[in-house]
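Novice: From the sequence below, what's the structure:
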Amino acid sequence: METPPPWRVLEFYSGIGGMRYSLASSGVRAEVVEAFDINDVANDVYEHNFGHRPCQGNIQTLTAGDLDKYKAHAWLLSPPCQPYTRQGLQKHSADARAFSFIKILNLMQNMSFPPQMLFVENVVGFEVSDTHDQLLAVLSTLSFNTQEFILSPLQFGVPYSRPRYFCLAKQESMCFPNPSVNDKLLRTPTCLTLNTTRTQNSYDQNEDDLEVVCNPIRNFLEAQSIGDKESSAIISDCKYRSAVCI
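Specialist: From the prediction side, this is the model:
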């Protein structure tokens with residue numbers, strides 16, 4: 001049986017390539033055919049990491065035809081979060097930093113080859129914004145099903161408390177494995193314990209248990225190239241303390 005070609009993926013607001021790295025780590029057969037970011041320094045790092053320099057420029061200058069030429073199956077989007085963060089002005093779509101994302105949503109409705117799948121990430125607060133309302137309205141018009149989540153790294157054993165908003169969207173012809181949560185926003189408790197001695201995916205609000213479940217910080221640090229015994233001892237004794245959420 002012939003192996004199907006990899007998904008063609010566009011990565012918007014690519015930064016230093018976190019989305020691309022996660023895509024590669026997921027094991028999905030996919031090829032990032034283009035990335036877009038306006039930040040020169042971020043593009044330098046992205047190019048160093050992946051040997052591919054993102055298209056540098058204002059996303060607002062793109063046209064439907066520009067995007068059609070890629071014939072991308074999936075889009076990854078991590079638009080600016082400042083319009084929605086709880087510590088900001090919360091101007092939502094009235095914030096100039098939201099304009100490019102809204103432009104992309106409008107372009108989707110005029111494309112000959114719109115994406116079949118979207119993955120959108122942003123801060124907690126985006127889900128109550130008018131930009132979020134526009135996102136869902138456009139996806140509904142284009143016959144997408146959505147599944148939305150508020151998730152924290154803590155739920156996956158990573159010692160970092162930073163809940164984020166995620167939206168998965170697929171055209172109706174493509175099915176989610178669990179369609180019962182289509183068109184819903186799922187908010188999870190503080191801790192989704194990964195302790196294998198308990199029921200799989202069980203929920204737990206006890207932070208003391210969470211500290212046991214989370215992997216130690218040292219597991220996420222790169223090995224030191226120099227033999228600094230004192231630093232190694234500090235890292236070895238380091239215990240998890242969650243970062244302050246933004």
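Novice: Could you check how far the closest residue to residue 79 other than its chain neighbours is from residue 152?
Specialist: In space, and not counting its chain neighbours, residue 79 is closest to residue 101: 3.9 Å by Cβ to Cβ, 6 or more residues apart in numbering. Heads up, the C-betas are built off the backbone N, CA and C, glycines and all. From residue 101 across to residue 152, the span is 23 Å (Cβ to Cβ, to the nearest Å).
Novice: more crowded one of these two?
Specialist: residue 101 (24 against 20; other Cβ atoms under 10 Å).
Novice: Do I have it right that the more buried one meets residue 131?
Specialist: Yes - shown here, residue 101 and residue 131 form a contact pair, counting by Cβ atoms under 8 Å, at 6.7 Å.
Novice: Would you enumerate the residues in contact with the residue nearest to residue 79?
Specialist: By Cβ atoms under 8 Å, 6 or more residues apart in numbering, the contact list for residue 101 reads 77, 79, 80, 131.
Novice: swap in residue 178?
Specialist: residue 147.
Novice: Just want the most central residue of this protein.
Specialist: Central residue of the chain (Cα atoms, centre = their mean): residue 121, 3.9 Å from the mean position.
Novice: what is that residue paired to in the beta sheet?
Specialist: Here residue 121 shows beta-bridge partners residue 166, assigned using DSSP bridges.
Novice: With residue 31 instead?
Specialist: residue 8.
Novice: Need the pLDDT of it.
Specialist: Residue 31 is assigned 96 on the pLDDT scale.
Novice: How about the contacts made by it?
Specialist: 6, 7, 8, 9.
Novice: can you confirm the residue nearest to residue 79 is in a helix?
Specialist: Yes - under DSSP: H, G, I helix; E, B strand; the rest coil, residue 101 sits within a helix.
Novice: And for residue 24, the neighbour number?
Specialist: Neighbour tally, residue 24, other Cβ under 10 Å: 13.
Novice: what do you get for residue 120?
Specialist: For residue 120, the neighbour count with other Cβ under 10 Å is 22.
Novice: wait, what's in contact with it?
Specialist: By Cβ under 8 Å, 6+ apart, residue 120 lies in contact with 77, 78, 79, 135, 165, 166, 167, 169.
Novice: if you set the cut-off to 6 Å instead, what comes out?
Specialist: Counting by Cβ atoms under 6 Å, 6 or more residues apart in numbering, residue 120 touches 77, 167.
Novice: all strands of the protein, in order?
Specialist: Assigned by DSSP state E, the strands in the chain fall at 7-12, 30-36, 74-77, 117-123, 144-151, 164-171, 184-187, 191-192, 203-204.
Novice: Output the ones you listed in a markdown table; the columns should cover distance to residue 111.
Specialist: Putting the strands of the chain into a markdown table (distance: least, Cβ to Cβ, whole Å) gives the following:
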| stretch | distance to residue 111 |
| --- | --- |
| strand 7-12 | 12 |
| strand 30-36 | 15 |
| strand 74-77 | 11 |
| strand 117-123 | 13 |
| strand 144-151 | 13 |
| strand 164-171 | 13 |
| strand 184-187 | 26 |
| strand 191-192 | 37 |
| strand 203-204 | 40 |
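Novice: worst average pLDDT in those?
Specialist: Among the strands of the chain, strand 203-204 carries the lowest mean pLDDT (a mean of 40).
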